[in-house]
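Engineer: The following block contains a protein sequence and its predicted model.
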Amino acid sequence: MASTVTPNGFSLDDSGQRVVVDPICRIEGHLRIEVNLDESNTIRNAVSTGNMWRGLEVILKGRDPRDAWAFVERICGVCTGVHALASVRTVEDALGIDIPRNANSIRNLMMLSQYTQDHLVHFYHLHALDWVDVVSALNADPAATSQLQQSISSWRNSSPGYFRDVQNKLKRFVESGQLGPFANAYWGSDAYRLPAEANLMAVAHYLEALDFQKEIVKIHTIFGGRNPHPNWIVGGVPCSINVDQVGATGTVHMTWLNMVSDIINQSIEFIDKVYIPDLKAIASFYKDWGYGGGLAGKNMLSYGDFPLIANQWDNESLALPAGAIINGDLSTVHEVDTRDLEQIQEFVNHSWYSYDDESRGLHPWEGVTEPNFELGPNLKGTKTNIQEIDEGAKYSWLKAPRWKGHAMEVGPLSRFVIAYALGREDVKELVDSTLSELGLPLPALFSTLGRTAARGLECTWSAHKMREVFDDMMANLKAGDVATANMDMWEPSTWPGDVKGVGMVEAPRGALGHWIHIKDRKIENYQAIVPSTWNASPRDPAGNIGAYEASLLGTPLVNAEQPLEILRTIHSFDPCLACASHVMSPDGEELAVIKVR
Amino acid sequence: MSSTTAASGPGTSSLKPVYVYEAPVRIWHWTHAISIIVLSITGYLIANPLPALHGEASNHFMMGYIRMIHFIAGYVFAIGFAVRIYWAFVGNRFSRELFIPPVWSREWRGHLMHKIKFNLFLTRKMEKTVAHNPLAQVAMWFFNVLVGLFMVVSGFALYGEGLGVGSWADRWFGWLIPMMGSSMEVKMWHTLGMWLLIVFAIIHIYMAVRSDIMGRESCVSTIIGGWRYWKDDQP
Amino acid sequence: MAVHETLYEVMRQHGITRRSFLKFCSLTAAGLGMGPEFAGKLAHALETKPRTPVIWLHGLECTCCTESFIRSGNPLAGDVILSMISLDYDDTLMAAAGHQAEELLEQTIEKYDGQYVLACEGNPPLNEDGMYCIQGGIPYVEKLKHMADHCKAIVAWGSCASWGCVQAAKPNPTRAVPIHKVIRDKPIVKVPGCPPIAEVMTGVLTYMIAFDRLPPLDRQGRPLMFYSQRLHDKCYRRPHFDAGQFVERFDDEGARKGYCLYKVGCKGPTTYNACSTVEWNDGLSWPVKSGHGCIGCAENDFWDKGSFYSAVTTAGFSAGAEATADKVGGVLAGAAAIGVAAHAAASVVSHMTGKQSEESSNG
């Protein structure tokens, strides 16, 4: 291949200089990106390789479906709980279990607090350093930083003295010679555009957010016992509520409810006074850096989430609606049927698995996953020392999921675009006001920056939504309903012999689906297609490229030795590779054991 | 039938009765039996507790008592076992049979095969045995010595978890837990050990009674009075 | 080489007074369960030592250990990372990427050979030549062995690194193994849990740095200070266990009164960890306190011990098999009883026929 055009409309040219970034740090898991540059250092070909496979669903076969949530929760500890929720939903769907209203509210609260915390941590600790030059902050004027801070928000930590302290702390740290996590980065690159003062402000908030994020997840601790990896049960939530009877303090009681309420208030304040103003301030310096669109605005997918009416899964109930957008036509939002064997399918001809017929895709209920680690003829390096991968052959531990044959982008931006296209007022207002403040048109959203902005807006959306859900739950408690679990079908003896279910969650990173087949009260087959599998997917038999690869094309690098722009765009998806690559063999056949090296 | 009824009383044979089970062995047998019954019932209830009690926690100590009884019975079992081992050294020759099946003896192996055949109804000839018949001896050795020893060791290893790191039980027996993998694993096998002892008890009682009725020597009365009587004069 | 800066200097420069520094030391000492006499030693150690380099590697894992670590309230994770240790490599948090990131590993070996702490999150898979986990084009297990060769000691974070955890659950398709199965010549401190408690993680690390030695370990290599007792031993619901007051089903009357969760599968009686005392997320709650039994996540092989909802002693023998000790035992006992009955019947028949043949031959 020298130059080709993919069916989904992207030109690829692999003739230029190859640049490899592995590991991509500040993500969950292990990801490799390779690109080809033309003479002007613009990316003309991009290759995304999932670097790990754990085989979790092989492990699930034959187990008690009620236990599955704990196994799949360990798919990911960053977006902790999302797989557990998808799992209990898929089992409830298979068995026809309705959960009590309070359980629905508590699950919504846990997932909303997950959004809030995860988006916050992503922005400051995983993504900000792609925009913020920490070293430049050393040259900032604390007084000017204070003025900047006060001009954009009423956040309390805004005095010149405060910023001087932060700067001194940073200075001593740098002078110690032990740079720790800040060593060897691309500091000083011309791709960084913020003035020193904005950098200092962002560094201060990096530290503040690190301290604050642990407060948000206490909502998980109260209802689920801990975070990361809180507890769940099929049929509801494990915590009982006892507001005013004997033994109340041994359960979720008034003090804890008050604490949840306080955490919600603090989260709203931090997001609205720190995160959102920072986001807008940073965005204003990168407004003309409009790269990174890829599939954004073209093909986007959301399963929808946050049922405000318990057990009701249509867009009337879902606070974030479901749907799909194809070929950039925002006027039509297509319905997504996760049970239709022809809609969602996974392909493996570029993945390290084998199918009998690799030209075809398989729906998760019929899925086959047999690991097959083989490298193409154009590989540079050896099997255990890969220099440059051959994307003409198999090249990733991720499968390639497609919706009706289309590669799709998922995530906060997709959710917001679909909600926007469906005319959801809350989302429209957030998006429109932000765009008008920055003086940008709607298509500006379809970019790296748009993805980052949508995540921030969704963070404030979810913080405010927590308040609504909490107040609704309190009203329900006031009315005397304290039930949190439906145990009618807890005993496996009450289950039908052979059933299938699906469980959908919109995880912080995007559309997450779990599919289960329960036979004789045991898991017969379990499959998950997770957000990062959609986004980081390798190519399919038709040659369609996935969201990561598409988003990198056409981006110029300021310095090929410091591929900051690649990190920036890939980070805007918030990759999660442990999630993405845990697919399984439903037959559970034993895999070949290779001798220990 | 007449011969069986006649044989139920001692003295129908001219052969001299043998003093098989000395008093310490007999006392051990019965305390051991009682401790197994108590340990099994309380052990089962520890694994599968009774329906929940309601009211103030301070008014109840159900699980506490069940576990306490289990521990006391465990001590009886273990100390009895230790005393019994001691007696194997100082007691009469029968007191050692339990611990050392003479697998090296061709004659003994012959008796063992015969007894197996007999119990499978492959032969009708009954052999006389003074203490334990070879098959019983093997069963005793496996269930009473091996399983019993495992129950003592695993029981005290688990008991040591409650007493704490550094306690005598932890120091002496705590090594079993990492050896078997985890505390849960030990609990599981400890429970299975209980069931093995129950299986043994069922067969043991049946065989003893059967042998009393159908055999050529006394059995049940022997473990009560210590003397083995004979029902006929044939070798 | 740059001038080393001690933790004390860093703290002073951060505007922390000597008085609050000493207070920090006594609180830390108390937090680690040590008497006030240790506060002085701790202060001395922190005043004179440069920050210990820590290399934090990730194998097959889910990053829950890192996430837990940054939840630490005492000390704050930010303070640990920026002031107490020198986190010279951690792919989840570090700014660098690609070959610039990998260079840091060699730099650390060069500067601090035999002096850095290797913190391992996750574990290496051995099947497929280790290529189920690729980093920088090579198998993770090679990177791990290389970094272990030059380290001072290893901290095995979480159940993945300590025992194998979920990817090593049966049938362990990638043959993921705990760190001690591939590194045998370095001291390893296991800090199990899925994830471990944040303050347990920072507590272990600060202990090693402050006292310049490994914490005393139990038989299985876990720090005694956090892993010497079962949750059950210090569970606040223990009185309900002793009384015989149990939750029979989730959200029943007992659940709403906070009764013992043993009958709905709590693994507290077999799990060694500090959850019931240190608790989670600034000591707010822990699984039992929020109504779900302990799933035993700090124990070896806890995934393969039967359902999380069956009581401890009825745990299964293997994944998938419904066999439990009680079921197996019950079947054995039943079979024995039936066998005995059948044998008894056969004996009677045999006895009768034997009599007859004897009589007929005599006659």
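Structural biologist: Arrived safely, thanks for sending. Predicted model only: the values in this text are computed from it and were never measured. Numbering: from 1, shown residues only, chains lettered A, B, ... in the order given.
Engineer: Can you list the low-confidence ranges for the chain?
Structural biologist: I went with chain A, as the question did not name one. Along chain A, the model assigns pLDDT under 70 to residues A:1-2, A:580-597.
Engineer: nope, chain B
Structural biologist: Across chain B, residues meeting the criterion (pLDDT under 70) sit at B:1-14, B:126-132, B:216, B:232-235.
Engineer: for it, longest helix please?
Structural biologist: Here the longest helix in chain B is taken by residue count, with DSSP state H as the criterion, and it is helix B:183-214.
Engineer: hmm, who's touching the helix or strand just after it?
Structural biologist: As assigned by DSSP states H and E, the chain's next helix or strand after helix B:183-214 is helix B:220-225. Contacts of helix B:220-225 with the rest of the structure, by Cβ atoms under 8 Å, 6 or more residues apart in numbering or on different chains, involve B:10, B:20-21, B:26, B:29, B:208-209, B:212, B:227-229. Placement of C-beta: from N, CA and C, glycine included.
Engineer: Grab the two from the residues you listed that are most spread out in space.
Structural biologist: Taking every pair in those and measuring Cβ to Cβ, the maximum separation is 19.6 Å, between B:P10 and B:H29.
Engineer: any idea what sits nearest the most centrally placed residue in chain B, other than its immediate chain neighbours?
Structural biologist: Within chain B, the residue whose C-alpha comes closest to the C-alpha centroid is B:N144; the distance, by Cα atoms, centre = their mean, is 4.4 Å. Of all residues not flanking B:N144 in the chain, B:L98 sits nearest, at 6.3 Å (Cβ to Cβ, 6 or more residues apart in numbering or on different chains).
Engineer: The one you found contacts B:V138, doesn't it?
Structural biologist: No: proximity of B:L98 to B:V138 does not meet the contact threshold set by Cβ atoms under 8 Å, at 10.6 Å.
Engineer: And these two? Which one has more around it.
Structural biologist: Neighbour tally, B:L98 and B:V138, criterion other Cβ atoms under 10 Å in any protein chain shown: the higher count belongs to B:L98, 21 against 16.
Engineer: And that one, how far from B:L197?
Structural biologist: Taking Cβ to Cβ, to the nearest Å as the measure, B:L98 falls 15 Å from B:L197.
Engineer: same check, this time on A:T49
Structural biologist: Taking Cβ to Cβ, one finds A:T49 at 58 Å from B:L197.
Engineer: More neighbours: those two, which one.
Structural biologist: Neighbours per residue, other Cβ under 10 Å: of A:T49 and B:L197, the larger number sits with A:T49, 27 against 24.
Engineer: and the more buried one, what element?
Structural biologist: Of the helices and strands defined by DSSP H and E, A:T49 is found in strand A:43-50.
Engineer: ditto for B:T31
Structural biologist: B:T31 is part of helix B:23-47 when elements are defined by DSSP H and E.
Engineer: Now that C:T202 has come up, it's in contact with C:P75, right?
Structural biologist: Yes: here C:T202 reaches C:P75: they are 5.7 Å apart, a contact under Cβ under 8 Å.
Engineer: neighbours of the closest residue in space to B:L192 that isn't next to it in sequence, just the number please.
Structural biologist: The shortest distance from B:L192 to any residue other than its chain neighbours is 4.5 Å, reached at C:A325 (Cβ to Cβ, 6+ apart). Per other Cβ under 10 Å, the neighbour tally for C:A325 reads 24.
Engineer: Could you report the distance from C:A325 to chain A?
Structural biologist: According to Cβ to the nearest Cβ, to the nearest Å, C:A325 stands 17 Å off from chain A.
Engineer: Need the residue closest to the centroid of the chain.
Structural biologist: Using chain A here. The central residue of chain A, meaning the one whose C-alpha is nearest the mean C-alpha position (Cα atoms, centre = their mean), is A:R509 at 1.5 Å.
Engineer: wrong one, I was asking about chain C
Structural biologist: Note: chain C centre (Cα atoms, centre = their mean) maps to C:P192, 1.2 Å.
Engineer: So that one versus chain B, what's the distance?
Structural biologist: From C:P192 over to chain B the distance is 11 Å, taken as Cβ to the nearest Cβ.
Engineer: Quick check, that residue in contact with C:S159.
Structural biologist: Yes: counting by Cβ under 8 Å, C:P192 sits close enough to C:S159 to count as a contact (4.8 Å).
Engineer: for C:H150, what are its contacts?
Structural biologist: Taking Cβ under 8 Å, 6+ apart as the definition, contacts of C:H150 comprise C:109, C:113-114, C:116.
Engineer: Let me know the pLDDT of it.
Structural biologist: We note a pLDDT of 96 for C:H150 in this prediction.
Engineer: Look up phi and psi at it.
Structural biologist: Note on C:H150: its backbone torsions stand at phi -110, psi 0 [degrees, to the nearest 10].
Engineer: And A:G456, by the same measure?
Structural biologist: With angles defined as degrees, to the nearest 10, A:G456 shows backbone torsions of phi -60, psi -40.
Engineer: The one 3 residues further on too?
Structural biologist: The phi/psi pair for A:C459 (degrees, to the nearest 10) reads phi -60, psi -50.
Engineer: distance of the spatially closest residue to it that is not a sequence neighbour from A:L85?
Structural biologist: Setting aside the residues directly before and after it, A:C459 is nearest to A:H119 in space (Cβ to Cβ, 6+ apart), at 3.9 Å. Computed with Cβ to Cβ, the distance linking A:H119 and A:L85 is 17 Å.
Engineer: And for A:G323?
Structural biologist: Distance of A:G323 to A:L85, given as Cβ to Cβ: 20 Å.
Engineer: Give the residue from those two that has the larger number of neighbours.
Structural biologist: With neighbours defined as other Cβ under 10 Å, A:G323 and A:L85 compare such that A:L85 has more, 26 against 22.
Engineer: show me what contacts the more buried one?
Structural biologist: A:69, A:107, A:110-111, A:232, A:503, A:505.
Engineer: mind checking the SS state of it?
Structural biologist: Under DSSP: H, G, I helix; E, B strand; the rest coil, the three-state class of A:L85 is helix.
Engineer: what are the ranges of the helices in the stretch 201-350 of chain C?
Structural biologist: For the stretch 201-350 of chain C, applying DSSP state H, counting those that start in this stretch gives helices covering C:224-227, C:238-243, C:253-257, C:275-278, C:325-362.
Engineer: Rebuild those as TSV, extending it with mean pLDDT.
Structural biologist: Written out in TSV, the entries for these read as follows (pLDDT from 0 to 100):
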stretch	mean pLDDT
helix C:224-227	95
helix C:238-243	94
helix C:253-257	94
helix C:275-278	95
helix C:325-362	75
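Engineer: Buried residues in stretch B:224-234, which are they?
Structural biologist: Of the residues in stretch B:224-234, those with enough neighbours to count as buried (16 or more other Cβ atoms under 10 Å in any protein chain shown) are B:225-226, B:228-232.
Engineer: Among those, which are located in helices?
Structural biologist: Using DSSP H, the buried residues of stretch B:224-234 in helices are B:G225.
Engineer: Residue of chain B closest to chain C, please.
Structural biologist: Scanning chain B for proximity to chain C using Cβ to the nearest Cβ identifies B:W195 as nearest, at 2.3 Å.
Engineer: Could you count how many residues lie near that residue?
Structural biologist: Counted with other Cβ under 10 Å, the neighbours of B:W195 add up to 22.
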